Structure formats: structure tokens, C-alpha cells
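Trainee: Need a 3D model of the sequence below.
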Amino acid sequence: MENLKHYEDATADRSDTDNESLQQPPWSPALIATITILLSVLPGGIFHALNYERLGLPQKKVSNLTTNILLFLFIFMASLRIKSTLFFGLFQLIFHIGCATHFYKSQSNLYQKHLAKNGPKASIGYPISISVLIYLLILGVTFGISSFFDI
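Mentor: Prediction:
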């Protein structure tokens, strides 16, 4: 029981700088934008939302995650209805570039402030590998839907 009391006292005395040191380092907004353009808006949007917590704004994480996933689902379902390959490709390119620009600009200043404080950078291996897996899942779902519905 006394160990629990000691632990509670120790955690109550932590300063904000201690909490910041326990936080995971953020990903570069440029990496998130690149993932969005090259792979898909879904992994880019997920990492964009998760990065808010890493940048010290956890209250923005849930709302951005919800918005990004709903936007992806809406555009994904709308794109299944586009018959023209040229229009589909142009539509996807414009959408991906627009989302990537938003993801970059919304976190660029926060990331630069983090780096100015000599904050650490996160590794790029995890987001890239997860993004490739999500992209392959999206391709599989798209192929399955188009085969099933003969689109």
C-alpha cells in the first residue's frame, strides 16, 4: 500500500516537461503529405490525425481522425461510380494533392516549433510500412467490389 502511495506522489510531482519527454516524437508533415499523394488519403489522414497527439494537441486527434476517415469513405464510394478512366485518374490526383496540401499546411508550423526546441523526429519506417499495407487492403477491397458488382 505504501508503494502505491509513493507512486502516486511521484507521478503527481511531474512537470509538463516530463510529460513531453514521455510523448512519442512527431512524424514530419512532409512524410504524411508524400504518403497521401503516393499511396492513399486513408493512411495519410490517419497519420495526420495521430500526429496531432504527438505534436501536443491530443484534443484535435479524434475530430481529425473521424473527418479524414469519413471523407475517404465518401470519396471512395463516389469514385466507384466514375466510369471514365481519365476522369477518375484526374479526380483522384486532384483530391490527393488537395488533401496532402492540407495535411502539410495544418501541421507544418507545429512541427517547426517542435524542431526549434530540439525535439526528436519520429522514424519513417512505421508509417510507410503501415501505409503500404493499408494501400494493399484498399486495392483488394476495390478489386473485390468491382468484381462482385461488375463495375
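
Trainee: so how far is Val132 from the residue minimising distance to the centre of the chain?
Mentor: The centroid of the chain falls nearest to Phe47 when counting by C-alpha atoms, centre = their mean (1.6 Å). Separation of Phe47 from Val132 (C-beta to C-beta, to the nearest Å) stands at 13 Å. Any C-beta I mention is one placed from the backbone N, CA and C, and that applies to glycine too.

Trainee: Heading C-terminal from the longest helix seen in the chain, find the next helix or strand.
Mentor: Determined from DSSP state H, the single longest helix within the chain is helix 85-116. Note on helix 85-116: by DSSP states H and E, the next helix or strand toward the C-terminus is helix 125-149.

Trainee: who are the neighbours of that following helix, in terms of helices and strands?
Mentor: For helix 125-149, the elements it packs on are helix 29-38, helix 41-54, helix 61-80, judged by 3 or more C-beta pairs under 8 Å, 6 or more residues apart in numbering; DSSP states H and E.

Trainee: Mind putting those helices into JSON lines with distance to His102 and mean pLDDT?
Mentor: Converted to JSON lines, those look like this (distance: least, C-beta to C-beta, whole Å; pLDDT from 0 to 100):
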{"stretch": "helix 29-38", "distance to His102": "9", "mean pLDDT": "94"}
{"stretch": "helix 41-54", "distance to His102": "8", "mean pLDDT": "94"}
{"stretch": "helix 61-80", "distance to His102": "10", "mean pLDDT": "89"}
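
Trainee: Of the ones you listed, which is nearest Ile128?
Mentor: helix 29-38 (7.0 Å; C-beta to C-beta).

Trainee: distance between that closest one and the chain's centre?
Mentor: In terms of C-alpha atoms, centre = their mean, to the nearest Å, the centre of helix 29-38 is set 9 Å apart from its chain centre.

Trainee: again with stretch 52-65
Mentor: With C-alpha atoms, centre = their mean as the basis, the mean position of stretch 52-65 lies at 10 Å from the chain mean.

Trainee: Next: stretch 98-110.
Mentor: For stretch 98-110 - counting by C-alpha atoms, centre = their mean - the centre lies 11 Å from the chain centre.
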